[in-house]
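Participant: mind folding the following:
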Amino acid sequence: MSGNWIHDVASRYRAATGSLPPVPTMTRPQPTAPLIASPFSRELHDLSRTPLAFEDQTLLDEALETLPLERLYSEAEHAAENDKVWGMQDHLIQALLKWFRNDFFTWVNVPSCTYCGGETAAIGGRAPTPQEQADGAGRVELYECKSCKTLVRFPRYGHPRKLLTFRKGRCGEWANCFTLLCRSLGSRARWVWCAEDHVWTEVYSETKKRWIHADSCETAWDQPRLYEQGWGKKMSYAIGFSVEGATDVSRRYIRTEGGQLPRNRIPESELVLTLRAITQERRLEFAASEKSVLESEDLAEERELQSYVNNTTPASTAELRPRETGAGEWTDARGENGRH
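Facilitator: Numbers count the residues shown, from 1 in each chain. Take a look at the predicted model:
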């Protein structure tokens, strides 16, 4: 059967109804107050609400409209013919990764002058305007043109709806928008937060029956040791959030003692309780059958994560590459320059 059949179904549905078919989503309850009051626990509860924005059906329709579906499915179909290791949906997300970085989103180290196009230099920050705040900007970076002295505002938008049109930023903007697009294509996706200022995506592979690392900034697919082994980044916590719950996935990305920073922001027992509370909250209105499937997946993932503790398998060549996005001084300051 042709790999374009999903696109054909979508086209026929649109012709008949005037809209795109809905993406299957799981019912989610409204957020409640954190059950545990420590500062880090409250922070995790706040972070856990980020991916809930990806479940708005109108937004998912808008996201799907931005995608070159025929191109993505064609590339995925061709890849699937030559690589049977991954399933069709996996190849589709890999095609999305390439298109997202090469054709859709732009990395911004320092914005150019909006008047003369010249170089700018950072001079601080400003509070967002009411409109910028409404579009999800929590802060605005301010730059001055080195030539004409024009002031340039660079809002750091967090809401994926704005990012569908703004289409530029750094890892936060990239991960938010990319995760939304994964959901629009029907994949189960996590938004993964690292305490050391990086975010990325995980996508569930129905073929592999496991969560797959996907970093749109680096076009990285299933390269979880990229940060530790390639960038030389040291990390403490990596937490995956989705409409299905919250999971400590640190062991997937931190494999050596040398890459581990102290985990001292919360007792481990309290971390477990916090993530369990978030997960229970997200699944509160799930059907019993859905909960059963997810609990089985949770156990399988825990076995997978535990297997990395004493695993000495060397990193792949792809995982040993240095960071490709970000300016030199910026990556140096973040400890991501690849020099161990």
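
Participant: quick one, domains of the chain?
Facilitator: 5-107+170-334, 120-160 (automatic domain parsing).

Participant: packing partners of the lengthiest helix in the chain?
Facilitator: Identified as the longest helix of the chain according to DSSP state H is helix 288-307. Applying 3 or more Cβ pairs under 8 Å, 6 or more residues apart in numbering; DSSP states H and E, we find helix 288-307 packed against strand 210-215, strand 245-248, helix 250-253. (C-beta placed from N, C-alpha, C; glycine too.)

Participant: need the ones you listed in TSV (columns: distance to P128).
Facilitator: Shown next, in TSV, are the helices and strands packed on helix 288-307 (distance: least, Cβ to Cβ, whole Å):
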stretch	distance to P128
strand 210-215	27
strand 245-248	28
helix 250-253	32
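
Participant: ok, G169 touching Y157?
Facilitator: Yes. Counting by Cβ atoms under 8 Å, Y157 is a contact partner of G169 at 6.9 Å.

Participant: tell me which of the domains of the chain lies nearest to C113.
Facilitator: domain 120-160 (3.8 Å; Cβ to Cβ).

Participant: end to end, how far does that closest one reach?
Facilitator: 26 Å (Cα to Cα, to the nearest Å).

Participant: quick one, strands of the stretch 1-150 of the chain?
Facilitator: Remark: strands assigned in the stretch 1-150 of the chain by DSSP state E, counting those that start in this stretch are 106-107, 120-126, 137-145.

Participant: now the stretch 151-300 of the chain
Facilitator: Using DSSP E, counting those that start in this stretch, the strands of the stretch 151-300 of the chain run over residues 151-157, 168-169, 189-194, 198-205, 210-215, 220-221, 238-242, 245-248.

Participant: minimum distance to A277: which of the ones you listed has it?
Facilitator: Across these, closest to A277 is strand 245-248 (Cβ to Cβ), at 8.8 Å.

Participant: paired strands for the closest one, with orientation please.
Facilitator: Strand pairing for strand 245-248, determined by DSSP bridges: strand 238-242 (antiparallel).

Participant: any idea of the angle the strand it pairs with forms with strand 189-194?
Facilitator: In terms of direction (axes from the mean of the first three to the mean of the last three Cα atoms, to 10 degrees), strand 238-242 departs from strand 189-194 by 150 degrees.
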